[in-house]
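Please work out how this folds:
(3 chains)
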Amino acid sequence: MDEIAAFLIIITLELVGGKMREAFSYFLLISGLIFWAWGTITILEKRSVLYKLHSISVSDTLGSILIVLGLAWRGGHKLSLLILAIISLALWNTMLGYVLAYCSNEQGGKKLDG
Amino acid sequence: MRYIIVCMLLLLLIPIYQTAKEEDIWQRMLAASSVSTKAAVMTLAVAAFRDDEMMTVVGVLILTVGNAGIMLLAHLLRKISS
Amino acid sequence: MILHLFFRLGIWFLLTSDFSPANIMIGMAVAFVLPKPPISFPLREWLPVFARGILMLPQAYKEAIEMMIFPHRYEGLQLEKVRPGRPDFLIFLDIFFITFTPKTVVIKYHKEGWYEVHKVKRHQLIIDGKQK
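This is a model prediction of the structure:
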């Protein structure tokens, strides 16, 4: 009797675990999409390049990292490739932000109207 | 999963529109870099949707080398304009 | 001095995810043949850098959520002072960490020992550095 009870408990845990896993994956994906949407709508405003860089940094670096984490949580991918994707997202987007800020500021420093 | 990809596609249209509309070159570069990252992440998402290993490799390769072009272009523009 | 080899091999194995002997040989050969980077950095100094990098990630998300909930309408320039004459790699890491958090972006590094940082603010305008 005890074995059957233990088996049932394990099955229930597995089922809940599977559902939870999928739900958490969707949670990560949708929050990443919210980050994307916020940052992308901000670049439609009429602001300076540097101001837009902040919101682009939110959407493209942090939101994309959330989306890739959600994809990794779903399983089915090779995990190593997704880790490499996260590392290169963080590195390249940050360096690109610095380079764009440096270069655009060098050219038109007077465009900084708050 | 399909709705998530549709949402990503709609969000991808915004920086493309911005790239076409803006006059200032740096605003255009900003929007173009946003397009590049979004397209690569979308490739990863489509790969997960279709259970395709090879597309994942393509997406990761775009992510690792794609932004270098925009960085070089930014330096080139700064050198030309100064 | 071994760390850059580990770095290259790590990227190689993350990309290929294949531990067959031929692949290990190719990765080792490429990692040895590529020229050595000029920086040399003792392992003892890496540990605070790693700790700072791990702490930086939750802070970046915290700042992003703050920016999403409360609108930050104002922007301004600020100067941050650091010790001059640091090694190049530490300067790169400093700029990387400051730029990674979404509220702050480094614009320029001056050799005399300060960064020019662009910030978004909730309330008031920062005046200094604006009249240049």
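
what about chain A, any weak spots by pLDDT?
A:1, A:15-17, A:76-77, A:106-114 (pLDDT under 70).

and it, which residues reach chain B?
Proximity of chain A to chain B (C-beta under 8 Å from any C-beta of the partner chain) is limited to residues A:29-30, A:33, A:36-37, A:40-41, A:43-44, A:49, A:52-53, A:56, A:59-60, A:64, A:67-68, A:71, A:74, A:76-78, A:81-82, A:84-85, A:88-89, A:92-93, A:95-96, A:99-100, A:103-104, A:106-108. Yep, even glycine has a C-beta here, placed from its N, CA and C like the rest.

Would you tell me which helix is longest in chain B?
With secondary structure taken from DSSP state H, chain B has its longest helix at helix B:53-81.

and the helix ranked longest in chain C, which residues are buried?
In chain C, with assignment by DSSP H, the single longest helix is helix C:43-69. Within helix C:43-69, the residues that qualify as buried by neighbour count (16 or more other C-beta atoms under 10 Å in any protein chain shown) are C:56, C:60-61, C:63-64, C:67-68.

so is C:H118 in a helix, a strand, or just coil?
strand (DSSP: H, G, I helix; E, B strand; the rest coil).

quick one: contacts for it?
A:50, A:53, A:101, C:75-78, C:104-107 (C-beta atoms under 8 Å, 6 or more residues apart in numbering or on different chains).

okay, B:I16: pLDDT?
The score at B:I16 is 92. That number is its pLDDT.

and the helix or strand it falls within, is it in reach of chain A?
Using DSSP states H and E, B:I16 sits within helix B:2-21. Yes - with C-beta under 8 Å from any C-beta as the criterion, chain A is reached by helix B:2-21 at B:4, B:7-8, B:11, B:14-15, B:18.

Tell me how many other residues surround the residue of chain B found nearest chain C.
Nearest residue of chain B to chain C: B:V60, at 7.2 Å (C-beta to the nearest C-beta). Residues within reach of B:V60, counting by other C-beta atoms under 10 Å in any protein chain shown, total 27.

For C:K119, name its beta-bridge partners.
C:G76, C:T104 (DSSP bridges).

What is the neighbour count of the residue nearest to A:L33 when sequence neighbours are not counted?
In this structure, A:L33 finds its nearest non-sequential neighbour in B:C7, 5.5 Å apart by C-beta to C-beta, 6 or more residues apart in numbering or on different chains. Look at B:C7: counted by other C-beta under 10 Å, it has 16 neighbours.

For chain C, what lies in contact range of chain A?
So chain C meets chain A at C:11, C:13-15, C:17, C:60-61, C:64, C:67-68, C:72, C:74-77, C:95-96, C:99-100, C:102-103, C:105-108, C:118, C:120, C:125, C:130, C:132 (C-beta under 8 Å from any C-beta).

wait, doesn't B:S36 sit right on B:A68?
No - counting by C-beta atoms under 8 Å, B:S36 does not reach B:A68; the two are 10.4 Å apart.
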